[in-house]
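Visitor: I'd like to go over a predicted model; first the sequence, then the structure.
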Amino acid sequence: MHKLVALFSPPLDITDFETRWAHEFVPLAEKMPGVRRVAVSRVTGGPVGPAPFYLVHEFFFDNRDALVAAMTSPEGVAAAHGLMSFAPDIVTLMFAEHMEEDRSPDASHR
């Protein structure tokens, strides 16, 4: 799998950010074709105190081609414009290859 990761630094106005993120970005981004899974993490700190991030928003795709197709689709372009209208200085976007292994005690019995 591949994913698009959006890392958000702490916003100056949390209420404005949360409103615009939830109502302007999320509805557009989650309509991108090929999205298989979405994960949102609210950063609560790091091992030695505060962390430099506020929010992590991840969009999972079958492969890199699907990710690129989603980003260049009309929905992806609209989501990018929406994001840049309120968070250009606090967001870092990156692509990542994603591997995952289930380590729960029940995983070996499946």
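Guide: Received, thanks.
Visitor: make it CA atoms for all contacts and neighbour counts henceforth
Guide: Fine.
Visitor: Go through the chain and flag its longest helix.
Guide: Longest helix in the chain by number of residues (criterion: DSSP state H): helix 74-86.
Visitor: Check the offset of that helix from the chain's centre.
Guide: Per Cα atoms, centre = their mean, to the nearest Å, the displacement of helix 74-86 from the mean C-alpha position of its chain is 13 Å.
Visitor: Not counting that helix itself, show me its contacts.
Guide: The contact list for helix 74-86 (Cα atoms under 8 Å, 6 or more residues apart in numbering) reads 17, 20-21, 24-26, 28-29, 31-33, 70-71.
Visitor: What residues of it count as buried?
Guide: Neighbour-count burial for helix 74-86, counted by 16 or more other Cα atoms under 10 Å, picks out 75-80, 82-83, 86.
Visitor: Now distance to Pro50 too, for the residues you listed, in JSON lines please.
Guide: Listed next are those as JSON lines, based on distance: Cα to Cα, whole Å:
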{"residue": "Glu75", "distance to Pro50": "34"}
{"residue": "Gly76", "distance to Pro50": "32"}
{"residue": "Val77", "distance to Pro50": "33"}
{"residue": "Ala78", "distance to Pro50": "33"}
{"residue": "Ala79", "distance to Pro50": "29"}
{"residue": "Ala80", "distance to Pro50": "28"}
{"residue": "Gly82", "distance to Pro50": "28"}
{"residue": "Leu83", "distance to Pro50": "25"}
{"residue": "Phe86", "distance to Pro50": "24"}
